[in-house]
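J.: Build the 3D model from these lines:
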Amino acid sequence: MLEWMVDAPTGARHGSSIIDQIGNTPLLRLRAVTADLPPGVEVWAKAEWFNPGGSVKDRPALRMVQEAEASGQLTRDRVLIDSTSGNTGVAYAMIGAALGYRVKLVMPANVSAERKAIVRAYGAELVESDPLEGSDGAIRLVRKLVADDPDHYFYPDQYSNDANWRAHYDTTGGEIIEQTEGRVTHFVAGLGTTGTFTGVGRRLKDFNPAIELVAVGPADELEVIEGLKHLETAIVPAIYDAGLADRPFPVTANAAWQMTRRLAREEGLFVGFSSGAAVHAAIEVAKELDEGVVVTLLPDGGVKYLSLGLWK
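T.: Just a heads-up that it's a prediction; the model follows:
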């Protein structure tokens, strides 16, 4: 039921380190969940859990670390610290372990047990913030920790660091153009730190201004979708380009969950809930077309969410 498109020059990925495996993820065509679409409409999904840390966040985490090393902001004497709901934290922890840096992460206490266990397995220190305050509470706490001891920490601040979106401009966006042979007409992605949407969106618009960019978020502040922010009621990331999206696409938690189940059972893609939200929106956009190539992005796999019990 799937077609694969991989990086044409290299195919399989090779490298001397685990971080050399970041990027060049496959683009998969969705067929079962798009069976009712017109023949001239295609929906493709970028499988970001193929990154070694299991998510799209490996890309910006690596870029932020590399730029901090080059500038001298990150040294062996400092602890890398940031707030995260999970995936960026896993990426920091993995990269820190591979490169020999200490990592400290602030996560809401109610993130899944799997994410806490993974970052600890890599040797990272975990600080839990108020679960009722969500990702914004984690941001406020990490800022306080850094302000109290600024010389002890390197704080990349994924929500404000331009290396976040530049990583996607230079890698993810270019891969989508290459893998679709330039045929992409629509890009649909969720808003969390907004780095993926901003970086890929800018790269695609530079390639072809006619490509439509669709920004996916929770329908309101009460619709909780792991990995996505309701920007209207949240701390808006400094890197977010508010004028970039051609249209917003609000999604309910139930719609995201139903599509997440369908992807596992009909396409064999076991993904996280933000992936379900993105695919739901991509298919709804595709239904409006007579022809086109709609590309969306699957930020992570579903393994980190098993303890939430939603598949029972």
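
J.: Now Asn161: closest residue in space that isn't a chain neighbour?
T.: In this structure, Asn161 finds its nearest non-sequential neighbour in Met64, 5.4 Å apart by CB to CB, 6 or more residues apart in numbering. In this view, the C-beta of every residue, glycine as well, is placed from N, C-alpha and C.

J.: Quick check: the one you found is in a helix.
T.: Yes. Assessed by DSSP: H, G, I helix; E, B strand; the rest coil, Met64 belongs to a helix.

J.: residues touching it, list them.
T.: Pro156, Gln158, Asn161, Ala163, Asn164, Ala167 (CB atoms under 8 Å, 6 or more residues apart in numbering).

J.: Give the burial count for the first one, as a bare number.
T.: Pro156 has 24 neighbours, counted by other CB atoms under 10 Å.

J.: I'd say it and Ala68 touch.
T.: Yes. Using CB atoms under 8 Å, Pro156 is in contact with Ala68, at 6.3 Å.

J.: Quick check: neighbours shared by those two?
T.: By CB under 8 Å, 6+ apart, no residue touches both Pro156 and Ala68.

J.: hmm, who's touching the host helix or strand of Glu128?
T.: Under the criterion of DSSP states H and E, Glu128 resides in strand 125-129. Identification of contacts with strand 125-129 by CB under 8 Å, 6+ apart yields 79, 83, 102-109, 116, 119-120, 137-138, 140-141, 145.

J.: any chance you could map the strands in this structure?
T.: 4-5, 27-29, 41-47, 79-83, 103-108, 125-129, 153-154, 186-190, 212-218, 247-251, 292-298 (DSSP state E).

J.: So what are the sheet partners of the second one and their directions?
T.: Each strand pairing with strand 27-29, determined using DSSP bridges, is listed with its direction: strand 4-5 (antiparallel), strand 41-47 (antiparallel).

J.: Give me the sheet partners of the strand holding Glu128 and which way each runs.
T.: If you go by DSSP bridges, strand 125-129 pairs up with strand 103-108 (parallel).

J.: before we move on, back to that, per-residue confidence for the residue nearest to Asn161?
T.: Note on Met64: pLDDT of 98.

J.: How much space separates it from Thr193?
T.: 11 Å (CB to CB, to the nearest Å).

J.: Give me the common contacts of those two.
T.: What both Met64 and Thr193 touch, as defined by CB under 8 Å, 6+ apart, is the set Gln158, Asn164.

J.: got the contact list for the nearest residue to Asn51 once chain neighbours are set aside?
T.: Distance criterion CB to CB, 6+ apart; nearest residue to Asn51, sequence neighbours excluded, is Asp58 at 4.0 Å. Asp58 is in contact with Ile22, Gly23, Asn51, Pro52, Ala91, Met94, Ile95, counting by CB under 8 Å, 6+ apart.

J.: ok, now with 7 Å
T.: Ile22, Asn51, Pro52, Ala91 (CB atoms under 7 Å, 6 or more residues apart in numbering).

J.: wait, isn't the first one in contact with Pro52?
T.: Translated: Ile22. Yes. Using CB atoms under 7 Å, Ile22 makes contact with Pro52 at a distance of 6.4 Å.

J.: More neighbours: which of the two?
T.: When Ile22 and Pro52 are compared for neighbours, Ile22 comes out ahead with 24 against 18, by other CB under 10 Å.

J.: where's that one relative to Ala47, distance?
T.: Noted for Ile22: a distance of 14 Å to Ala47, by CB to CB.

J.: repeat for Met107
T.: Met107 sits 25 Å away from Ala47, going by CB to CB.

J.: More neighbours: which of these two?
T.: Ranked by neighbour count (other CB under 10 Å), Met107 and Ala47 place Met107 first, with 24 against 21.

J.: I figured the more buried one hits Val90, correct?
T.: No. Applying CB under 7 Å as the test, Met107 and Val90 come out as separate, 10.3 Å apart.

J.: Check whether Tyr92 really touches Leu80, as I assumed.
T.: Yes. Using CB under 7 Å, Tyr92 is in contact with Leu80, at 6.1 Å.

J.: any common contacting residues for the two?
T.: What both Tyr92 and Leu80 touch, as defined by CB under 7 Å, 6+ apart, is the set Val103.

J.: Do a quick rundown of the helices in the stretch 1-150 of the chain.
T.: Counting by DSSP state H, counting those that start in this stretch, the stretch 1-150 of the chain has helices at residues 58-71, 87-99, 113-121, 134-148.

J.: May I have the first one as CSV, with CA atoms only?
T.: C-alpha atoms of helix 58-71 as CSV (Å, rounded to 0.1, in the frame of the first residue of the first chain):
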residue,chain,number,x,y,z
ASP,A,58,16.7,15.5,15.7
ARG,A,59,17.3,18.0,12.8
PRO,A,60,17.0,21.3,14.8
ALA,A,61,18.5,19.9,17.9
LEU,A,62,21.7,18.9,16.0
ARG,A,63,21.8,22.3,14.2
MET,A,64,21.4,24.2,17.5
VAL,A,65,24.2,22.2,19.1
GLN,A,66,26.6,22.6,16.1
GLU,A,67,26.1,26.3,15.9
ALA,A,68,26.6,26.7,19.7
GLU,A,69,29.8,24.6,19.5
ALA,A,70,31.1,26.8,16.6
SER,A,71,30.3,30.0,18.5
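
J.: Thanks again, I'm all set now.
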